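**Student:** Coordinates for the following, if possible.
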Amino acid sequence: MPGLLTLPGLRASPPAFLLLLVLVFPRGCPAAPGAGQELEPGSRSAAAAARVALQYRNFQAGSLGGLRALGHVRKATLKNIPESGHKYYLHFSTEDYRTGEDAGNCLATVLYPKKKSPPVVSIKCSHTKDQKEIQEEDNRLYQKMKHQNKPITGNNIPDSYGSIELALEPVWALAVAGSSSIMWQKSTETLGYFLAQVKSVRQWIRKDDFIEFDYTVLLHEIPTQEIISCHMRLTWLPGHPLKVKHFCAAQSHAVDEGSGAESGSAAGPAAEKGANF
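**Tutor:** Coordinates of the predicted model:
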């Protein structure tokens, strides 16, 4: 499609990128049931699907310095896949979650299965931020949380004025990355989620290099406007997959896992955006 071949900074060989474009925006869709339907880029459904793709990416990347928020959807196509569900083909811009600066463009597909299961996401993004800079920021935030004089605890992040204490900004960033797993898994074609607040957080003491936290997070459900409370156990080490286990109060089934997690010993008495990380 015109304009898509000039995505700046996309790190893929030309043949691989051309293949990606064909997969994301297939040409010559038949004018029959199931053919692609072009959507208005500003439509709610296109933006919701793009956010789901970014939530998946933010969790999978496991990077606090590389967190992204949705900029603008540039192109969106919807196709009905027989026996599978609705599949969105997306091209959108992103912003640095902390600064709001341009973070690069993404090509993604999001399939909402007919069966009750998480959206199936495939996403490839360009980068405007140097990857070494992202790694250095991850290490800086990790060291800040790992080497505290006492385990970190906190409540109501951000507070009622939308402010986050300087010492708790890395904890908020980690909550954004971890809750992205929950929001991606819970999203459907008609329901989406934003992280509204960290109600409480407590650090666990570990003898290895990982850091571990217990969170209670509040998710804002769209369009119902309901607030969903979720408990989240999270472990993280820069350069390793983010590990998340969660349980949401509105759910009746057992704990869902983003991936496995190890347990530490409890600390404390028993043992969307703009934060300046």
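**Student:** Please name the residues that touch R57.
**Tutor:** The neighbourhood of R57, defined by C-beta atoms under 8 Å, 6 or more residues apart in numbering, consists of 68, 106, 121, 123, 125. The way it works is simple: take the backbone N, C-alpha and C, and place the C-beta from them, glycine included.
**Student:** gap between it and C125?
**Tutor:** For R57, the distance to C125 equals 7 Å [C-beta to C-beta, to the nearest Å].
**Student:** shared neighbours, those two?
**Tutor:** Between them, R57 and C125 share the contacting residues 68, 106, judged by C-beta under 8 Å, 6+ apart.
**Student:** Which phi and psi values does the nearest residue in space to V120 that is not next to it in sequence adopt?
**Tutor:** Distance criterion C-beta to C-beta, 6 or more residues apart in numbering; nearest residue to V120, sequence neighbours excluded, is L111 at 4.2 Å. Here is the backbone geometry of L111 (degrees, to the nearest 10): phi -110, psi 120.
**Student:** Just the element for the residue most central in space within the chain, please.
**Tutor:** Nearest to the mean C-alpha position of the chain, counting by C-alpha atoms, centre = their mean, stands Q55 at 2.2 Å. Secondary structure assignment for Q55, by DSSP states H and E: helix 44-61.
**Student:** can you state the direction angle for the following helix or strand past that helix and helix 44-61?
**Tutor:** The helix or strand immediately downstream of helix 44-61 is strand 68-81, counting by DSSP H and E. Calculated by axes from the mean of the first three to the mean of the last three C-alpha atoms, to 10 degrees, strand 68-81 forms an angle of 120 degrees with helix 44-61.
**Student:** so what's the closest residue to L168 other than its chain neighbours up against?
**Tutor:** Take L168 and drop its neighbours on the chain: the residue closest to it by C-beta to C-beta, 6+ apart is G154, 5.0 Å away. Contacts of G154 were listed using C-beta under 8 Å, 6+ apart, and they are 165, 168, 171, 198, 200-201.
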